[in-house]
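*Asks:* Provide a 3D model corresponding to the input given below.
(chains A and B)
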Amino acid sequence: MRKVKKFNLSSWWKRINVKYSIGLSLILLVLSTLIYLVIQPAILRPGTLSRLMTSNFRTWLPVILVTIGQAIVLLGGGLDLSNGSIVSVGNVILALTVITPEEPWKNLLIVLAVIAFGAFAGLINGFFTAYLGLQPVIITFATSFVFSGLALLLLPTPGGAIPREYTDVYRNTDLLGLPISLILIAIFVLIWAFIRKRRYGRFLYAVGGSPSSAYTTGVPVTWMKISTYIISGLLASFAAIAYSLLTGSGFSGSGEDMTLASVTGAVLGGVSMSGGAGSVIGSVFGGIILGNIRNIISTLRLDSWWRTLVNALVIVVALAGPGLVNLIRRNK
Amino acid sequence: MKTICLRTEQIKKRFGGVHALRDGSIEIRSGEVLALVGSNGSGKSTLTKIITGVLSADDGKVIYKGQEVQYSNPMAAQRAGIMAVYQELSLVPSLTVAQNIWLANEFIDKYGFVDDHQMNEKTQELLALFEGTYQSSLHPEAYINALPPDERQIVEILKAISRNPDVLILDEATASLDSEQVKRLFSLVQQLREAGKGLVFVSHRMDEIFQIADRAVVLRNGKTVGDAKIAESSENEIVYMMIGSEAEIAKEPIFKNNIDQRDIVLIAENIRNEKLEEVSFTVRQGELVGIGGLRGQGQSTLLHTLFGNNTYEGHISIFGKSLDFKHPKDAMREDVALIPGDRASEGLLLLRSILENLHLPNWKSYGRPLLNIKKARNDAIHISNQLNLVMASLDSPVSSLSGGNAQKVVIGKWLLRNPRLLLLDDPTKGVDVGTKSEFYKLLQQLIDKGTTILFYSTDDQELLGLCPRILVMHDGGIKADLSGDLLTEANLVAASMGATSNANINKEMSHA
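*Replies:* Below is the predicted model of the structure:
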């Protein structure tokens, strides 16, 4: 007899909450998307939906990439406040050096150099926090100034340009009716799903859950932690490439806003600030929720101070939320 | 004679100025259970941690399977076949039972993925070893943080066994298990012994040592002092090895309790909670009562329960009032004070000034609406002189003080309140000799004032030297109430191992 798996909503709901802790972020994702779509003036006209999707996801891709990196660092029990500055450096390098599409090999080398810088920056963060055991908040906050200082040194005033031939590919390519940025996000999520099911994923959750237990059990805790910072640095360099293709120019403060957004996005997506709980797909949801909220505010043409206020509130609620939930549970 | 599987030779280890191990020498033989015995601070844990690579030795040799080895981390030791079941469990609370058991030892399929299915099946097989002794909530996919302590301990044991070690160290593995679970564990140990594994059994329960071990090695003050075949030994013999000579002589403590006529001020009747079992005792006004036993037998919990930090069942009455402290402030209102053992986390605001710390529980008595800082300062000066506090000024932060002086601040802030009942939770831990003697003087002053004191210490010598009466705790209950002629080190150590020494029984008989 074949076992028929019945779909059971309540057990499914429990499962996604226990295993991925994305229940709340899923609700927020659906809600914010609905609100956003409802207030769009031309939503029913054909083509509007796909146009919105393309323009939104290509804008969100850089932030979502650093949010994925942040989620992985948080899962391992760390915190990376320098990922935005790594984006700035990558963006500045690309804007200054990528000039003409006639020499694709030279440009490929530049891109590889940007990726190498991201990995190296992550290695520095990992060395200080995991190997020397210093506080991640302080170390990565400090290195963020080193990196953004470097970006400012390379490009004191906004400038530089990425050739149109490249930016058009990023901005306007569709595959199977989906924008390339969305497909890239899906690829990253799939790669992570692949890694998570391997020994690395198991170790990561163990290290974040209890580093001392993981250590006595024989998990290479230090290397695991260092690797999360390297992954975060790598994703920040990918974000820099996406950002440069999006804007077509260079600005030394380009990644500044991304740092806090990455933490907020990851937490909104159910990733625990204390490590060991959450999921990467959740952090992608978190990134999209943040993007939706921004769009809603700008569609409603609210004053800019509204935008700041709501952004700040979202951050506070997202960060304090888990603590508040615990408090309510304890008092019950 | 069985072959020697692992041998340590004169292992030495220091933590700062403290010698945790001076000469740790043991032989673990294949097919034998070795009991490692010693009182607090004898170096048992340090020695096992060095063998398993958690700590590295300062000096000495570990010889494993005929070769000198030095493991710099637990991973290397595990790969060589040395595993331990730790007292302070090595489980990750946010992972499942199966994930924990196979952590760093996962089944990997041919594509490199973790094979959860196979891991769950193998976990089920392992759990069958304890079948019937746990609730249905314990299954391969249950999360550790949802399990009670005994089931966590079972998972920890299964985790060690799953790695099929050649040397298995069980560090207080039975502490949170019930009798049926202990029985299962022992039959497992029996099997491993028959399979020729080397086993080390660390326990505070003498009866279990006699039940399962073949040999016992005794550590005292970081030195290996004795080795005995269990079959040819007795509980008394082991106790004497643990304490050395002069054990039977009744001690003359510094303080006397001349309190026979005084009122009973503290009555505890059948107190029960997570860590305590049927604790009953009474204390008279002005009495100094020591609380002893091996570390972690419920001593701190008892003091915290009396202070209102823990919930309990049973009855506590203090100063003739039946009390139900829900919060430390209720206890403070009744002039009960608790001086915690962990200064940094429970007793002090390290960055604030000495003055502020001294007055933290006392500001109320310095007037409304504005604080009378001058009076507060004078009182603080008075108390710091009394305590002989070595400091730059009252305004320097507590973090600038040495450990001993910081401890004085913790004591001082409660003394300013003139407590009637003082609960001391291992106050001399990590304190130097000079500070200790000042602390003893302070105790003298308090006793002269008629303060009633419960004094928990992990240092047996200190208790015996100070207290005219000692309650010995074991597994959450009071195993012995020693005073007068019964107050000997032999009785104290025997009771803390859960044994009843002959001397004790004889004396009890002659009293009766």
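
*Asks:* what about the spatially most central residue of chain B, which SS state?
*Replies:* Of all residues in chain B, the one closest to the mean position by Cα atoms, centre = their mean is B:R295, 1.8 Å from it. Here B:R295 is coil, with the state taken from DSSP: H, G, I helix; E, B strand; the rest coil.

*Asks:* I figured it hits B:N40, correct?
*Replies:* Yes: the criterion here is Cβ atoms under 8 Å, and B:R295 meets it with B:N40 at 5.3 Å. Placement of C-beta: from N, CA and C, glycine included.

*Asks:* what touches both of the two?
*Replies:* Common contact partners of B:R295 and B:N40 (Cβ atoms under 8 Å, 6 or more residues apart in numbering or on different chains): B:T458.

*Asks:* measure stretch B:389-398 end to end?
*Replies:* 11 Å (Cα to Cα, to the nearest Å).

*Asks:* next, give phi and psi for B:L422.
*Replies:* Dihedral angles of B:L422 (phi, psi; degrees, to the nearest 10) stand at phi -110, psi 120.

*Asks:* excluding chain neighbours, what is closest to it?
*Replies:* For B:L422, ignoring the flanking residues on the chain, the nearest one in space by Cβ to Cβ, 6 or more residues apart in numbering or on different chains is B:I453 at 4.7 Å.

*Asks:* ditto for A:S244
*Replies:* Nearest non-adjacent residue to A:S244 (Cβ to Cβ, 6+ apart): A:L94, at 4.3 Å.

*Asks:* for the one you found, which residues are in contact?
*Replies:* A:I110, A:V111, A:V114, A:G160, A:I162, A:A240, A:I241, A:S244, A:G250 are the contacts of A:L94 under Cβ under 8 Å, 6+ apart.

*Asks:* and A:S55, how many neighbours?
*Replies:* 14 (other Cβ atoms under 10 Å in any protein chain shown).

*Asks:* please tell me how far it sits from A:T299.
*Replies:* 13 Å (Cβ to Cβ, to the nearest Å).

*Asks:* and for A:G218?
*Replies:* For A:G218, the distance to A:T299 - Cβ to Cβ - is 53 Å.

*Asks:* check contacts around A:F145.
*Replies:* By Cβ under 8 Å, 6+ apart, A:F145 lies in contact with A:S85.

*Asks:* just to revisit the earlier point, three-state assignment of the residue nearest to B:L422?
*Replies:* strand.

*Asks:* what's across from it in the sheet?
*Replies:* B:L288, B:L422 (DSSP bridges).

*Asks:* quick check: it touching B:I447?
*Replies:* Yes: the criterion here is Cβ under 8 Å, and B:I453 meets it with B:I447 at 6.9 Å.

*Asks:* overlap in contacts, those two.
*Replies:* With Cβ under 8 Å, 6+ apart, B:I453 and B:I447 have common neighbours B:L288.

*Asks:* where does pLDDT dip in chain A?
*Replies:* Along chain A, the model assigns pLDDT under 70 to residues A:1-7, A:322-323, A:325-332.

*Asks:* which residues of it lie near chain B?
*Replies:* A:18, A:197-199, A:201-203, A:205-206, A:208-210, A:212-220, A:276-277 (Cβ under 8 Å from any Cβ of the partner chain).

*Asks:* change it to 6 Å
*Replies:* Contact residues (Cβ under 6 Å from any Cβ of the partner chain) of chain A with chain B: A:197-199, A:202, A:206, A:209-210, A:213, A:216-219, A:276-277.

*Asks:* in a markdown table: these, plus distance to A:D168 and neighbour count.
*Replies:* As requested, the residues of chain A next to chain B are exported to a markdown table (distance: Cβ to Cβ, whole Å; neighbours: other Cβ atoms under 10 Å in any protein chain shown):
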| residue | distance to A:D168 | neighbour count |
| --- | --- | --- |
| A:K197 | 37 | 17 |
| A:R198 | 37 | 15 |
| A:R199 | 41 | 16 |
| A:R202 | 42 | 21 |
| A:A206 | 45 | 27 |
| A:G209 | 45 | 26 |
| A:S210 | 49 | 24 |
| A:S213 | 51 | 24 |
| A:T216 | 55 | 24 |
| A:T217 | 51 | 28 |
| A:G218 | 51 | 21 |
| A:V219 | 46 | 23 |
| A:G276 | 43 | 23 |
| A:A277 | 41 | 19 |
